[in-house]
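> Next input, structure requested:
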Amino acid sequence: MENFIIIVILLCIVSGIIFYLYKAKKRGETCIGCPYAKQCGSGQCGGEYHGSQRGMSEKTNR
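Numbering: from 1, shown residues only. Predicted coordinates:
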């Protein structure tokens with residue numbers, strides 16, 4: 001019985017994550033989880049693009 005409860009909880013967590021990723025991609029977010037995902041649109045969440053938006057130089061962002 002305990003195994004069944006653990007499996008159900010894990011399935012709920014995994015399905016919630018998949019649902020969140022699906023909805024985020026449907027909204028057009030290229031970098032899911034990035035706070036600048038809606039502003040960027042370029043898919044370059046490697047740091048250089050967003051670092052320059054915050055006023056940081058590219059060298060200090062690496």
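
> mind checking the longest helix of this structure?
helix 2-27 (DSSP state H).

> Three-state assignment for residue 34, please.
Three-state call for residue 34 (DSSP: H, G, I helix; E, B strand; the rest coil): coil.

> Roughly how far does it sit from residue 8?
In this structure, residue 34 and residue 8 are 31 Å apart, going by CB to CB, to the nearest Å. Quick note: C-beta positions are derived from backbone N, CA and C, even for glycine.

> Looking at these two, which is more packed in?
residue 34 (16 against 10; other CB atoms under 10 Å).

> Just the C-alphas of stretch 2-13, formatted as CSV.
Extracted in CSV, the C-alpha atoms of stretch 2-13 (Å, rounded to 0.1, in the frame of the first residue of the first chain):
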residue,chain,number,x,y,z
GLU,A,2,2.9,2.4,0.8
ASN,A,3,4.4,1.7,-2.6
PHE,A,4,1.2,2.6,-4.3
ILE,A,5,1.0,5.9,-2.5
ILE,A,6,4.6,6.8,-3.4
ILE,A,7,4.0,5.9,-7.0
VAL,A,8,0.8,8.1,-7.2
ILE,A,9,2.6,11.0,-5.6
LEU,A,10,5.6,10.7,-8.0
LEU,A,11,3.2,10.5,-11.0
CYS,A,12,1.4,13.6,-9.9
ILE,A,13,4.7,15.5,-9.6
